[in-house]
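S.K.: sequence below, structure please.
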Amino acid sequence: MPKEKMKSRPKKGASIELDIHDLAFGARGVARTDDFVWFVEKGIPGQKVRARVIQVKKKYGEAYVEDVLEPSPYQQDPPCPYFGVCGGCRLQHLSYDVQVEAKTRQVKEILERIGGLNGTVVQATLPSEDIYHYRNKMEFSFSDKRWLTENDPHEKPTDFALGLHVPGRYDKVLDIDACLLQSETCNRVFKTVKELVLQTDLPAYSTKTNTGFYRFLVIREGKNTGDLMLNFVTSGQAGEEGEKAIGWIVHKMFWRHPEVTTVIHSITDRKAQVATADTERLVLGPEKLTEKVGNRTFEISANAFFQTNTRQAQRLFNTIVELADLHGGEVVYDLYCGTGAIGIMLADRVKKVVGIEAIESAVKDAERNAELNSLSNMEFVLADMKDAMKDVEFLEGNFGLPDVVILDPPRAGTHPKTIHRLVDLMAPKIIYVSCNPAILARDLEILCESIYSLETVQPVDMFPHTGHIEVVATLVKNHQS
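M.R.: Model (predicted):
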């Protein structure tokens, strides 16, 4: 019999009808045609859509929704006027309960597909109590190229924007008046900043010519203290005139928004589009913002990492403490400890916490935070993780081997050598906290090949309406090892 010819796939640019039946990691809808998988931007489960093909690969295709032919029963009206243009909250049109259920499935699928961890029981994702206004930090970009939308008022200047980048475009910024992920207080301050910046007549920064003054505005808020920090990140091209402009803005802000407790002016002339600076100067108030989580107090500097959903961070920390099952005599290693938050939350339940961190400013913040909370059983090591893990004898001689290791790496994950050396510590228990399920799956596969068994997987939704997932995994040392 002649072989059946392979069915031809739609070409790039073609328009096709699809039934969306699931949600993939990264917030894209999933559809199938003749056992061929489509990942569909802006698609949600339950929709029938007309989609435009972006590209077709051997095993899957990518498309985006042009028109919704039949709405999903889980579909809702997004409250943000910028939804669909701004890439920050891609799931506002999907019921939050369905978002949370999908994230549980996604974690399980990733662990099985990438880590080979078949049969893993993944606990139901812990939902966030606040699904709007939950962020304690927002980073906004200035630009001399505004992304034009159909509903933009004609009076808005086209050579100025303060807002968020459109997905995939770093040369233009979507100018916004408010963001629903930060508080109403922060939105009022944001609106005033924009108004005052425009009055200074200094230009927004151009990524094309690398000229201009205003680059970023970072707003941080102590959700449980009311502290509010503004960090103006600018170039140094305006010199003294630039310093005067920031001073004038702060003077005006002081009378209209007394809730602003700290203002930092950060200066950088690096071409990289990141909101960190070479120099900082304090313009108003204390150098750091104060936040409280549970019975703990934290001082947070302008560039320090801190969980951006304060209320859900409490739930995350409680989950870690519960899974660690501490009894008071343990030595705990807190790897990638940052400003020390996780270790500080459990320090009064253990004998000692040893934090290891590569960023000097973070270590200083961690030491200060331990002091603020009157914790004398915490020590911090300034070292790159892969270097620190090379010398197990040094760690053992100075701190003792750990009973529990808490591993909370950045999104890029751990160096593979670090994971292999982690086995040498022979800790009875590892608590792995990850914001990147794919890297987590890779590392769990390595650890479970050797002396550990995966005991618990608990997703925590830190970022409602987005594709991001935080996962806490517990590994226990096998008895025979």
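S.K.: gap between Gly247 and Arg135?
M.R.: Using Cβ to Cβ, to the nearest Å, one gets 28 Å for the distance from Gly247 to Arg135. Yep, even glycine has a C-beta here, placed from its N, CA and C like the rest.
S.K.: next one: Pro416
M.R.: Distance of Pro416 to Arg135, computed by Cβ to Cβ: 32 Å.
S.K.: out of those two, which sits in the busier spot?
M.R.: Set side by side, Pro416 and Arg135 show more neighbours around Arg135, with 23 against 12, by other Cβ atoms under 10 Å.
S.K.: what pairs with the more buried one across the strands?
M.R.: Beta bridges link Arg135 to Asn309 when assigned by DSSP bridges.
S.K.: next up, the contacts around it.
M.R.: Leu181, Gln182, Thr308, Asn309 (Cβ atoms under 8 Å, 6 or more residues apart in numbering).
S.K.: same question, Glu357
M.R.: By Cβ under 8 Å, 6+ apart, the residues touching Glu357 are Tyr336, Cys337, Gly338, Val363, Ala366, Phe380, Val381, Leu382, Ala383.
S.K.: can you list the domains in this protein?
M.R.: Using automatic domain parsing, the domain parsing of the chain gives 10-75, 103-130+309-477, 137-292.
S.K.: could you export those as JSON lines, including mean pLDDT and distance to Ala302?
M.R.: Below are the domains of the chain laid out as JSON lines (pLDDT from 0 to 100; distance: least, Cβ to Cβ, whole Å):
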{"stretch": "domain 10-75", "mean pLDDT": "94", "distance to Ala302": "30"}
{"stretch": "domain 103-130+309-477", "mean pLDDT": "92", "distance to Ala302": "10"}
{"stretch": "domain 137-292", "mean pLDDT": "91", "distance to Ala302": "5"}
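S.K.: winner for burial among those domains?
M.R.: Ranked by mean neighbour count, these are led by domain 103-130+309-477 with a mean of 19 (mean count of other Cβ atoms under 10 Å).
S.K.: hmm, back to that, in TSV, list the contacts of Arg135 along with distance to Asp97.
M.R.: As requested, these are exported to TSV (distance: Cβ to Cβ, whole Å):
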residue	distance to Asp97
Leu181	19
Gln182	24
Thr308	22
Asn309	18
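S.K.: of these, which is the nearest to Ala358?
M.R.: For Ala358, the closest of the contacts of Arg135 turns out to be Thr308, at 20.7 Å, with distances computed as Cβ to Cβ.
S.K.: I figured the closest one hits Met462, correct?
M.R.: Yes - using Cβ atoms under 8 Å as the test, Thr308 is close enough to Met462 to be in contact (7.4 Å).
S.K.: and the top strand by length along the chain, what does it pack against?
M.R.: Taking DSSP state E as the assignment, the strand of the chain that covers the most residues is strand 60-70. Taking 3 or more Cβ pairs under 8 Å, 6 or more residues apart in numbering; DSSP states H and E as the contact definition, the neighbouring helices and strands of strand 60-70 are strand 15-19, strand 36-41, strand 48-56.
S.K.: mind checking the ones you listed for the one nearest to Leu126?
M.R.: Of all the helices and strands packed on strand 60-70, strand 36-41 sits nearest to Leu126, with 26.4 Å by Cβ to Cβ.
S.K.: which other residues reach the closest one?
M.R.: The set of residues external to strand 36-41 that reach it, using Cβ under 8 Å, 6+ apart, is 9, 18, 20, 24, 28-32, 49, 51, 54, 59-65.
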